[in-house]
Structures are given as structure tokens and as C-alpha cells.
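Chemist: no sequence on this one, just coordinates:
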């Protein structure tokens, strides 16, 4: 084992796999990698009881099994992907699939790259779905790269290794 301290991964070296069996797309920014854990109060009032209703607890109680102690649930904000506009229409086409009713959830993976450019570790956003696309702001007197943004909701974040597991 080396005595050398582990260097943190550089924040601007990452790639995103959209779970569509095609090469990763380059993005300039990824935000929304966040998880908040909420714990159910031990004594929930009637209004919050509806929010925390759990059939497993109800059925367990009916057959003599004690309900779980303080239930927990997680919440994550939407994942937001920003990149320069190119002729690759994958983001737009995925969104349009949702608009027209072709439901296709995907596991989207965001990877940090090590100093050799290899995937080191990452996060999987399970069952992601596009909910918003924003195109470039076009202003002739403010030259800048045209960017597009895709916002995704998902069913939770999992930490993964560089090989996707």
C-alpha cells in the first residue's frame, strides 16, 4: 500500500452515459446529484399519515408482525445536463419520445474521470425520464456557445464504481 495520499478527482473531468447503448455525450455541466433522507416522525399526525402510508406496515400489523421503526424515504432534485448544441439529436429525440407517449426510462450514469481519463467512480440515476428541454438563448449582440439543457427526474441515485457496478 502506498503512503501517497489519494488525490481527489477533478470536478471538470466527467462523462455521462444516457443508457442508450451509444457513446457517452460530452456535457459542460451536470447538477442535481443530491439525495435528502426524510425520516417519518414517530408519532405522525393524521395529515402526515397519508403521506407515509405503507401497505407493508398495515398488512404486517394485521397478521401480528410489528410495523417498522421510523420509516425513511429519500428525495432527489431533477438531474440537469447542459451541453453545447451539436447535430446529435439524442436529447431532443428522447424528450419527444415522452411527448408522443413512447415511454422509455433509462438509467443515466455520471462518471468522474481519473487523471488518465478512465472512469473512476460515479452515480446511477435509476429510471430517468426527461421532463424539460431548454434550447439556446439567441442574441446577436452577445456571442457565446449555443447550449441546450435537459432536465431529468429519476427514481433515486446509487453510487457506482467506474465499471458501472
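Modeler: Good, I have the coordinates. No experiment lies behind these values; they were computed from the predicted model shown.
Chemist: what's the longest helix along the chain packed up against?
Modeler: Ranked by residue count under DSSP state H, the longest helix found in the chain is helix 90-99. Helix 90-99 is packed against strand 119-134, strand 147-153, with contacts defined by 3 or more CB pairs under 8 Å, 6 or more residues apart in numbering; DSSP states H and E. Every C-beta, even on glycine, is put in place using the N, C-alpha and C of the backbone.
Chemist: for those, which one sits closest to residue 25?
Modeler: Closest to residue 25 of these, according to CB to CB: strand 147-153, at 9.8 Å.
Chemist: Just want the angle from the helix or strand that the closest one is followed by to strand 119-134.
Modeler: Next in sequence after strand 147-153, counting helices and strands by DSSP states H and E, comes strand 157-161. With axes from the mean of the first three to the mean of the last three CA atoms, to 10 degrees applied, the angle from strand 157-161 to strand 119-134 works out at 140 degrees.
Chemist: need the strands for the protein, in chain order.
Modeler: Ranges of strands within the chain are 14-17, 29-31, 36-39, 72-75, 79-84, 106-113, 119-134, 147-153, 157-161, based on DSSP state E.
Chemist: most centrally placed residue in the chain?
Modeler: Centroid check for the chain by CA atoms, centre = their mean gives residue 125 as the closest residue, at 3.6 Å.
Chemist: which residue sits closest to that one, ignoring its sequence neighbours?
Modeler: Leaving aside its chain neighbours, residue 125 sits nearest to residue 154 (3.9 Å; criterion: CB to CB, 6 or more residues apart in numbering).
Chemist: Next: residue 112.
Modeler: Using CB to CB, 6+ apart, the nearest residue to residue 112 is residue 9, at 4.2 Å.
Chemist: so who does that neighbour touch?
Modeler: Neighbour list for residue 9: 112, 113, 114, 120, 121 [criterion: CB atoms under 8 Å, 6 or more residues apart in numbering].
Chemist: do the same with residue 30
Modeler: With contact taken as CB under 8 Å, 6+ apart, residue 30 is in contact with 14, 16, 79, 80, 81, 82, 110.
Chemist: beta partners for it?
Modeler: Counting by DSSP bridges, residue 30 is bridged to residue 81.
Chemist: Outline the domain layout of this structure.
Modeler: Listed by automatic domain parsing, the domain ranges of the chain are 14-35+76-161, 38-74.
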